[in-house]
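1. 3D model of this:
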Amino acid sequence: MARMRTTPAARRRALAATAAAAAAALAGPGAADQSLRATLSQTFAAATNPTLATDGGDSGLRSTTRLNLAYALETPRSSLSLATGVDATLATGDAEDDLTGLFPDLSAAYAYAFDDATLRGTFGLVVRPVNYLATEGVLVVDEGGEVAIEDRDFEDTSTEITWRAGLSLSHEINARNSVSLSFNVRDTDYSSVAAGSTLTPTRTISAGAGWSVALTPRTGAGLNTSLSRFEADDARDRESWTWSANASVSHDATPRLSLSGRLGPAVTFSKRTSTITGRRESDTQLSADAGFGLRYEGPDTVYSLGLSNDVTPSSLGALSNVASLRLGLSHAVNADTSLGANATVAFRTALSSTDEDTIEDQLSTGFGMSVSHALTRTVDLTAGYSYFWRDTEGARGDNHRVYLTLSKRFDLLP
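-> Numbering: from 1, shown residues only. The predicted structure is shown next:
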């Protein structure tokens with residue numbers, strides 16, 4: 001019997017068909033719609049004080065080339081999305097000399113709809129360069145000839161690696177009522193960190209449940225609760241459990257104006273090792289789980305406002321309370337050009353008084369503006385400016401940044 005030979009092109013087509021069949025099997029029954037898009041962008045940025053040094057710091061220039069691939073698959077019952085990218089960064093300036101390298105990221109999401117329930121899963125991985133502050137002991141000799149060790153702060157750079165995963169299930173009880181369950185994990189680690197660094201590897205695991213009801217066609221309400229465990233890999237071996245609950249409401253005041261809000265308590269039980277006695281210490285803190293949002297969509301302009309107060313994990317290895325205000329605006333000048341602006345104000349405090357030596361009171365504010373223009377159907381040009389100011393218990397630093405980004409999209413599928 002004669003043996004049939006296949007050409008390289010035929011083998012590639014067979015391999016593509018096999019991959020598409022596997023993806024469709026994962027997506028479930030029904031016709032599948034696929035898309036694959038690649039985006040290549042180049043950004044040039046200049047900053048006056050990228051590390052927010054209190055003495056004014058050093059200016060820096062940065063060039064970032066980014067390649068991003070995004071794949072999407074949809075069927076009548078399911079959706080799958082995969083996105084991966086890599087940043088090739090080249091930086092100059094004393095503050096950013098070590099921020100040169102390749103930094104990848106990955107995200108995935110899958111959802112499957114049953115008759116009256118939806119299962120969702122997510123995963124993400126981000127690798128990025130960071131600046132940090134460290135302390136080292138330096139031998140000094142005073143005027144009397146005495147030798148002592150003096151702590152001195154210095155700035156350094158590291159690579160932050162964060163991965164997260166989540167799973168949620170929502171169930172429609174009837175046309176008006178639904179319930180949901182969720183589980184999430186987030187882990188952050190650092191590479192090449194100097195001794196005395198303020199950066200601390202952390203992990204947060206949380207579980208939540210919620211109930212929502214449609215009161216009217218334009219108004220909804222809900223009750224939500226969550227329990228999270230935060231741990232830090234540092235000398236004090238910090239561990240915290242936070243329980244929070246809130247009542248939420250959303251309302252479409254008009255076809256263009258929507259409002260939302262939530263309010264409830266958050267109780268945190270924390271344990272840590274004393275640096276003086278070596279014994280385990282514990283305390284309980286009460287804070288607020290609160291938020292308010294407003295969004296107005298005009299014919300060409302969208303306005304947004306957000307207020308929130310949350311218990312937030314910190315890279316310093318402890319929980320903090322963060323109250324923030326956010327303002328946003330986007331405006332479509334015409335079919336090819338758009339403008340954007342945003343402003344934020346945030347105040348951070350240590351959640352526990354025993355962590356005040358780790359997390360100092362910090363007030364920060366910033367604003368930015370940008371203009372984007374579509375040069376062609378697949379080529380965009382964006383220019384922007386941002387300003388950020390930070391005050392950490394009297395130690396102030398600010399930074400001005402300008403950037404220019406040119407991006408090109410390639411539609412590979414369909």
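2. Does S191 touch S158 like I think?
-> Yes. Using CB atoms under 8 Å, S191 is in contact with S158, at 6.3 Å. For every residue, glycine as well, the C-beta is placed using N, CA and C.
3. neighbour-wise, which of the two wins?
-> S158 (19 against 9; other CB atoms under 10 Å).
4. which stretches of the stretch 201-350 of the chain have low pLDDT?
-> 274-276 (pLDDT under 70).
5. where do the helices sit along the protein?
-> 8-27 (DSSP state H).
6. Isn't E393 up against D361?
-> Yes. Using CB under 8 Å, E393 is in contact with D361, at 5.5 Å.
7. burial count for T268?
-> T268, neighbours per other CB under 10 Å, totals 21.
8. what pairs with it across the strands?
-> T242, Q285 (DSSP bridges).
9. Same question for L73.
-> Q34, L80.
10. neighbours of F114, just the number please.
-> Counted with other CB under 10 Å, F114 comes out at 11.
11. follow-up on the earlier one: more neighbours: E393 and D361, which one.
-> Taking other CB under 10 Å, E393 and D361 do not tie; D361 has more neighbours (14 against 10).
12. mind listing what that one touches?
-> 347-350, 392-393 (CB atoms under 8 Å, 6 or more residues apart in numbering).
13. How much space separates it from A343?
-> Distance, D361 to A343, using CB to CB, to the nearest Å: 21 Å.
14. Does S248 touch G222 like I think?
-> Yes. S248 lies in contact with G222 (CB under 8 Å); the separation is 4.6 Å.
15. Show me the common contact partners of the two, please.
-> Jointly contacting S248 and G222 under the rule CB under 8 Å, 6+ apart are S212.
16. if we can go back for a sec, the contacts of D361, buried ones only, as a PyMOL selection?
-> Of the contacts of D361, the buried ones go into a single PyMOL selection, burial set by 16 or more other CB atoms under 10 Å:
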select buried, resi 347+348+349+350+392
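17. Reformat the contacts of D361 as JSON lines; add distance to S79.
-> Converted to JSON lines, these look like this (distance: CB to CB, whole Å):
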{"residue": "F347", "distance to S79": "39"}
{"residue": "R348", "distance to S79": "37"}
{"residue": "T349", "distance to S79": "40"}
{"residue": "A350", "distance to S79": "41"}
{"residue": "T392", "distance to S79": "43"}
{"residue": "E393", "distance to S79": "47"}
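18. Closest to G124 out of the contacts of D361?
-> R348 (24.0 Å; CB to CB).
19. ok, the nearest residue in space to the closest one that is not next to it in sequence - how many residues close by?
-> Spatial nearest neighbour of R348, excluding adjacent residues (CB to CB, 6 or more residues apart in numbering): Q362 at 4.4 Å. Neighbour count for Q362, taken as other CB under 10 Å: 17.
20. which residues pair with Q362 across the strands?
-> R348, T392.
21. Does it touch V345 like I think?
-> No. The criterion here is CB under 8 Å, and Q362 misses it with V345 at 11.8 Å.
22. contacting residues for L167?
-> 119-122, 182-184.
23. quick one: it and A109, what's the gap?
-> Applying CB to CB to L167 and A109 gives a distance of 11 Å.
24. Also P201?
-> 26 Å.
25. Over to Y296?
-> 29 Å.
26. Strands along the stretch 151-300 of the chain, start to end?
-> 177-191, 202-216, 219-232, 239-252, 257-273, 280-297 (DSSP state E, counting those that start in this stretch).
27. Relative to T54, which of these is closest?
-> Using CB to CB, the nearest of those to T54 is strand 177-191, at 22.9 Å.
28. Run the angle between the closest one and strand 219-232 for me.
-> Orientation check (axes from the mean of the first three to the mean of the last three CA atoms, to 10 degrees): strand 177-191 against strand 219-232 gives 30 degrees.
29. Which strand residues bridge L257?
-> Y296.
30. Same check on W163?
-> L125, D187.
31. pLDDT score for it?
-> Looking at W163, its pLDDT reads 96.
32. Report the contact partners of it.
-> Contacts of W163 (CB under 8 Å, 6+ apart): 123-126, 186-187.
33. The same query, at a cut-off of 7 Å, please.
-> Taking CB atoms under 7 Å, 6 or more residues apart in numbering, we find W163 in contact with 124-125, 187.
34. And for R120?
-> Counted by CB under 7 Å, 6+ apart, R120 has contacts 111, 168.
35. Dig out what it forms beta bridges with.
-> Beta-bridge partners, per DSSP bridges, of R120: A111, S168.
36. One more: L319?
-> P313.
37. V311 is in contact with that one, correct?
-> Yes. The pair L319 and V311 passes the contact test of CB atoms under 7 Å, sitting 5.7 Å apart.
38. Neighbour count: these two, which is higher?
-> L319 (27 against 21).
39. Against D189, how distant is the more buried one?
-> From L319 to D189 the distance is 18 Å (CB to CB).
40. quick revisit: which of the contacts of W163 lies closest to V213?
-> Nearest member of these to V213, counting by CB to CB, is G124, at 30.9 Å.
41. Contact partners for the closest one?
-> So G124 contacts 106-107, 163-164 (CB under 7 Å, 6+ apart).
42. Dump the contacts of L167 into TSV; add pLDDT and distance to A266 as well.
-> Output for the contacts of L167, formatted as TSV (pLDDT from 0 to 100; distance: CB to CB, whole Å):
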residue	pLDDT	distance to A266
L119	98	28
R120	98	25
G121	98	27
T122	98	24
S182	98	17
F183	98	19
N184	98	16
